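> the sequence and its predicted three-dimensional model are supplied below.
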Amino acid sequence: MADLITQNDLDKTASKTAFFYSLSFLSSLSPAAPPVIGYDGQAGLAKRRITALQHRLRGGGEKELAGKVLFDPKTRIFRLYSRSALYAFRTDDSGDLEHLYWGAFVPPNDDLRYLALSNVQLCFDPGPFNAYDVDLSDQDAAKHVRGTSFSEHFTRTPSFSDRLSTDGEWVHSIPSVGRNTKLLEYADLGTGDYRPQSFSVVYDDGGNICPLTYVSHEIIPGKLPMQSAKGKSLWSAENVTLLPELRGGDTNDQCTTLVVKMEDRLTKLEFDLIYTVYKEVNAISRRVIVKNPGMRPNGNFVCKGGCIMSSGAVRLEKLMSATVDFHTMSGWNFITLSGSWANERHMKLQELVQGKFVVESLRGASSHQHNPFCAVTTTPRSMVETVGEVWAFSIIYSGNFKIEADVSETGRARVNAGINPSTFSWHLPPGDSFESPECVMVYSNTGLEGMSHSFHDLYRRYLIPERFFGTVPPVLLNTWEAMYFDVNHAKVVELARAASELGVEMIVLDDGWFGEREDATSSLGDWFEDRRKFPGGLPALVHDVNALGLKFGIWVEPEMVNVKSRLYREHPSWTLNQHGRKSRCEGRNQLVLDFTCEDVCSYVIGKLGELLSGSNIEYMKWDMNRHLTEVYGNTRAPDKQGEVFHRYMIGVYKVLKYLNEKFPHVRIETCSGGGGRFDPGMLFFSPQIWASDNTDVFSRMAIQHGTSLVYPLQSIGSHMTAVPNHQTQRLSTLKARFLVSAFGTFGLELDVRTL
């Protein structure tokens, strides 16, 4: 297509400004449309050019470029092409990464730098962040501002403004403006950008100024695995990846990774911005690695006032996985999945006006209240299901998160997504590094429908454990609403016999089977069967259930402990609580184990390993029935207590990783008081998640609708239960309950002996 239509041809046909703003209009024209007469008066030539452009926009270039990253050294523009969309940014003359575009496909020979003309500096906006000679006096320094030496990284080419002046089209150059005026890929604090920053660091001299400048980049075929989020395995000699992440597929042609290296020129603190763009879906993943150099080239830095910035530790106080700045638009709408226990993930759409809007969790889990997801759109509520552009964000993380959307006085918007900084502070000694969780960004120009299809395809192929791709979950019967705590060998076998006659494929033994568990006040942590209820132990029960042609599953709550338990009596210091304090909160009569402690993780790994090795157990339901309080890690140093929330989550991931590696035949379903931890981080380890403790058919329709905006139906744990419903006391027909449950994993949670 480059031979058919060139930049020169387009320049002769119409003004460049009109051309760029007319891309979407031209793509909707048909070859039979009336001829468009260009400024040169040649109607036939103009028609041929438009036809060629149509072909390129409708797939002539999309398929060839999908999943690729392009870099133009002349314009310094990075282009990330997904299935039918483009994400573009550039390194500007100051060394900043300036965001240009995220939307429908635009061909690579279109110079997107014209978009920087929208950078209009307002009164009180600081000017450009410039370097100056520190050897001069302050008065002289103002006269000797050097601007930047950034251009030395590249071969000098005629400036964009020079080219425009030569073409006689634009007489004004791209303005040189400060950071508050630009659209940025990653924003620091304190150098002129007053919007919510992407990160915050504190050096050991107390300073928090950390301006980032482009250094280099690398384009890598395929997916670059997590680099710094690795740690000690408790079950082998190898280090393991500690955070969940998207896979890259079986071959390197399914995606491409871009690593952009930026640094604080003074301290050499390095930030690697990592982008992976996928070929088959309109999705990009982003994450950040911060590296504290082992030795700074010049040792200590002494400022004029005598302060010393040593080459020591750095404290990370905020690290967003992704920042996206949007051009000025009117009618911003913000879409979230919010709710409460038994009422999770209802779609909420609200208008964004000047100011900041935040969804977050501080509970130690992603929570029932807010899902780690948001979308922004300018399409009205009545049309957004299938019409208009949607830009969506989903964080692959199960702990405290924060998504903030900020709209400036000019109508520009910024979205930040990542770990919640309110409960995060990370000590980064020299030579160490820290890697953020991954954030998935999806673009759709067919409303929420296109967004959902992209998320579903991406998470099915590249997130959910690969061995479950294309599999159908077994139809299971859970004992909870049929028996609650009143379980024993004879009753479970009797229930299984009745279930086998209905076509049920698996029996899941829920709460009440372990320790001396009669109610919710005891035995959590004592993961051995109650011999009063199961004289032959679990092996005998599993054998009898298997003999009926059914598989067997088990319920556990490994993160918790009751005070009335053998585990607590032996290890009271294993809970989250500051030693010496005589007060604490209990939730559901239980305390939270300190998963930042290796002894705790090793104990849980040992107990669950024994459980799954001792019987033919093919399913495990991992529950979590309270959130975190008194979060203090007694095995961590006082200056590292800001790491406890994140390290807790890493500990949970570590145990889940062990289960997946050692027991690949076991299907894990995670749960947290229902849907209190329904997030992409959990989907990495479990192909399905219990959607809600509320199984009422009318409530479930809204819950499952909201959940399906992001998560594939095969991941939504959904059961048909008895009436009156145990949560709402409402009545519904068997057919309605069956159909709603079928839009998920489909299972039963009722006493089938009474049917």
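All right, it came through fine.
> okay, and V288 sits in which element?
Per DSSP states H and E, V288 falls inside strand 283-291.
> adjacent strands (with direction) for that strand?
Its sheet considered, strand 283-291 pairs with strand 270-278 (antiparallel), strand 433-435 (antiparallel), strand 438-444 (antiparallel) by DSSP bridges.
> mind telling me what element D599 is part of?
Going by DSSP H and E, D599 is part of helix 598-614.
> pLDDT below threshold where in this structure?
Along the chain, segments meeting pLDDT under 70 span 1-60, 131-173, 296-311.
> recalculate using a threshold of 80.
For the chain, the stretches with pLDDT under 80 are 1-61, 129-175, 237, 295-311.
> my guess is T328 contacts S118, does it?
Yes: contact criterion Cβ atoms under 8 Å: T328 and S118 qualify, at 7.0 Å. Heads up, the C-betas are built off the backbone N, CA and C, glycines and all.
> R79 bridge partners, please.
R79 forms beta bridges with L70, A88, as assigned by DSSP bridges.
> could you give the bridge partners of the nearest residue to V508 once chain neighbours are set aside?
Computed as Cβ to Cβ, 6 or more residues apart in numbering, the closest residue to V508 that is not its neighbour in sequence is G553, at 3.8 Å. According to DSSP bridges, the partner residues bridging G553 are V508, Y619.
> count of neighbours near G553?
26 (other Cβ atoms under 10 Å).
> quick one: contacts for it?
G553 makes contact with 476, 506-509, 617-621, 667, according to Cβ atoms under 8 Å, 6 or more residues apart in numbering.
> same thing with W622?
Counting by Cβ under 8 Å, 6+ apart, W622 touches 556-558, 656, 668-671, 686.
> likewise for P380?
331, 333.
> got it, and G744?
With Cβ under 8 Å, 6+ apart, G744 has these contacts: 691, 704, 713, 716-718.
> residues near S398, how many?
For S398, the neighbour count with other Cβ under 10 Å is 30.
> check the secondary structure at the residue nearest to it when sequence neighbours are not counted for me.
Distances taken as Cβ to Cβ, 6+ apart place G681 nearest to S398, at 3.7 Å, with adjacent residues excluded. Of the three states, G681 takes helix under DSSP: H, G, I helix; E, B strand; the rest coil.
> again, but for V415
Reduced to three states by three-state DSSP, V415 is strand.
> does it touch I395 like I think?
No: counting by Cβ under 8 Å, V415 stays clear of I395, with 11.6 Å between them.
> find residues that contact each of these two.
I403.
> of these two, which one has the most company?
Between V415 and I395, I395 has the larger neighbour count (other Cβ under 10 Å), namely 28 against 25.
> how near is that one to F746?
Distance, I395 to F746, by Cβ to Cβ, to the nearest Å: 28 Å.
> repeat for H646
Taken as Cβ to Cβ, the span from H646 to F746 is 36 Å.
> between those two, which has more neighbouring residues?
H646 (23 against 20).
> before we move on, which element is that one in?
Judged by DSSP H and E, H646 forms part of helix 644-662.
> mind listing what's buried along that helix?
Under the neighbour-count criterion of 16 or more other Cβ atoms under 10 Å, helix 644-662 has 644-660 buried.
> again with stretch 225-244
226, 228-229, 234-235, 240-244.
> stretch 472-488 too?
Within stretch 472-488, the residues that count as buried by 16+ other Cβ under 10 Å are 473-483, 487-488.
> now do the contacts for the nearest residue to S715 once chain neighbours are set aside.
With sequence-adjacent residues excluded and distances taken as Cβ to Cβ, 6+ apart, S715 is closest to Q688, at 5.1 Å. Counting by Cβ under 8 Å, 6+ apart, Q688 touches 473, 667, 669, 714-717, 745.
> who's Q688 bridged to?
Under DSSP bridges, the beta-bridge partners of Q688 are E669.
> how close does it sit to G553?
Distance, Q688 to G553, using Cβ to Cβ: 12 Å.
> do Y278 as well
Applying Cβ to Cβ, the value for Y278 to G553 is 33 Å.
> rewinding a little: of the buried residues of stretch 225-244, which pair is most distant in space?
Spatially, the most separated pair among the buried residues of stretch 225-244 is S228 and W235, at 21.4 Å (Cβ to Cβ).
> Three-state assignment for the residue nearest to the spatial centre of the chain, please.
Geometric centre of the chain, nearest residue: I395, 1.5 Å, by Cα atoms, centre = their mean. The three-state label for I395, taken from three-state DSSP, comes out as strand.
> give the partner strands of the longest strand along the chain in its sheet and their orientations.
Longest strand in the chain, counting residues (DSSP state E): strand 314-326. Sheet pairing of strand 314-326 (DSSP bridges) gives strand 199-203 (antiparallel), strand 413-419 (antiparallel), strand 426-428 (antiparallel).
> now the element after it, going C-ward?
Counting by DSSP H and E, what follows strand 314-326 is strand 333-340.
> how far does that next one sit from the chain's center?
Centroid displacement of strand 333-340 relative to its chain, using Cα atoms, centre = their mean, to the nearest Å, is 16 Å.
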